[in-house]
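# coords please:
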Amino acid sequence: MIRPIAVLVAGMLLSRPGMPKEEANRYARVLAEVAAARGFDPLVAVAIVHFETQWRPSLVSADGEDYGLGQVRARFAGACRDDADPVNAPSEACQRVKDSLLDGVTNIRRMGAIIAANMEFCKVKTGSARTERWLSGYQGYGDPSRGRFCEPGEKTRIVLDYYKELVAKLAPPPKPKPAPKPKATRPLPPDHGAEPTRAALPKSADRAAKPPAAKKPETTKQAPRAKAGKAHATRPSRRKTR
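I've put the predicted structure just below:
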């Protein structure tokens with residue numbers, strides 16, 4: 001998983017507030033590179049180192065076994081594996097390995113290799129390479145003599161709880177955007193698309209829209225024309241006399 005350098009630096013400074021920013025940036029760049037190559041969340045490594053050394057690179061465990069930021073067990077690193085007593089009587093080559101583990105960048109790279117080895121081992125033994133599995137292997141939990149591998153313990157829970165706090169504080173998931181509000185649709189104007197109905201028109205528009213009725217031709221009775229000449233006088237009826 002990829003995390004911004006600024007997020008990793010912020011996580012380191014929570015553990016060691018006085019760490020020079022140049023040092024924190026150097027560790028963060030290497031950790032981001034290693035985590036991307038090995039396939040784990042670098043913030044888990046930030047949480048591991050917080051409980052191991054609080055990001056102080058020169059620490060050595062009280063029993064002389066574990067070195068540097070991630071408390072890497074030196075007897076399993078490089079030339080120390082060939083020594084009969086790498087803790088109390090290390091060879092010159094083993095001592096050089098121990099000294100190199102006190103360099104923060106070298107230690108982070110070694111941490112990445114150990115995490116990758118535990119991921120592969122847990123996948124084979126348990127069918128899972130989930131974070132709690134490989135983290136328990138890194139912390140030394142399990143009993144191979146009894147066939148118990150990659151079983152999370154108390155320290156595993158503590159580291160994972162702190163990891164979740166780091167995610168919530170430094171890299172919270174983005175909030176979902178609210179769904180856009182539907183746009184209000186305006187009613188179409190009366191003359192758009194189809195002819196307006198009478199109900200949609202004001203009375204004045206209704207009168208304007210309605211064509212005037214065709215006028216019927218006026219039928220007027222003309223008085224009969226008088227014939228030219230004198231008007232005929234009506235003759236009195238004649239009675240026949242005997």
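
# tell me which element the residue nearest in space to the middle of the chain is part of?
Ranked by distance to the mean C-alpha position of the chain (C-alpha atoms, centre = their mean), the top residue is residue 174 at 5.3 Å. Using DSSP states H and E, residue 174 sits in no helix or strand.

# quick one, what contacts it?
Applying C-beta atoms under 8 Å, 6 or more residues apart in numbering, we find residue 174 in contact with no residue. C-beta here means a position set from N, CA and C on the backbone, and glycine is covered the same way.

# number of nearby residues for residue 15?
19 (other C-beta atoms under 10 Å).

# What residues does it make contact with?
46, 49-50, 54-55.

# Next, format those residues as TSV and append pLDDT, neighbour count and distance to residue 81.
Converted to TSV, these look like this (pLDDT from 0 to 100; neighbours: other C-beta atoms under 10 Å; distance: C-beta to C-beta, whole Å):
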residue	pLDDT	neighbour count	distance to residue 81
46	98	27	28
49	98	28	24
50	98	19	28
54	98	15	28
55	98	22	27
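
# Most widely separated two among those residues?
Spanning the widest gap among the contacts of residue 15 are 46 and 54, at 11.0 Å by C-beta to C-beta.

# in the chain, which spans are helices?
Along the chain, the stretches classed as helices by DSSP state H are 5-15, 21-38, 42-52, 92-101, 104-126, 131-138, 154-170, 203-209.

# Reformat these into CSV and put distance to residue 80 next to each item.
Compiled in CSV, the helices of the chain are given as follows (distance: least, C-beta to C-beta, whole Å):
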stretch, distance to residue 80
helix 5-15, 27
helix 21-38, 21
helix 42-52, 19
helix 92-101, 4
helix 104-126, 12
helix 131-138, 18
helix 154-170, 24
helix 203-209, 100
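
# Contacts for stretch 158-168, please.
Here stretch 158-168 makes contact (C-beta under 8 Å, 6+ apart) with 11, 14, 41, 43-44, 46-48, 50-51, 131-132, 135, 139.

# Check the offset of that stretch from the chain's centre.
20 Å (C-alpha atoms, centre = their mean, to the nearest Å).

# residue ranges with poor pLDDT in this protein?
Low-confidence segments of the chain, defined by pLDDT under 70: 187-242.

# mind redoing it with 80?
174-242 (pLDDT under 80).

# is it true that residue 129 touches residue 122?
Yes - counting by C-beta atoms under 8 Å, residue 122 is a contact partner of residue 129 at 5.4 Å.

# Quickly list what's touching both of those two.
What both residue 129 and residue 122 touch, as defined by C-beta under 8 Å, 6+ apart, is an empty set.

# And the two? Which one has more around it.
residue 122 (23 against 19).

# For the closest residue to residue 81 other than its chain neighbours, grab the count of nearby residues.
Once flanking residues are discounted, residue 81 sits nearest to residue 75: 6.9 Å by C-beta to C-beta, 6 or more residues apart in numbering. As a burial measure, residue 75 scores 17 neighbours (other C-beta under 10 Å).

# Thanks a lot, see you next time.
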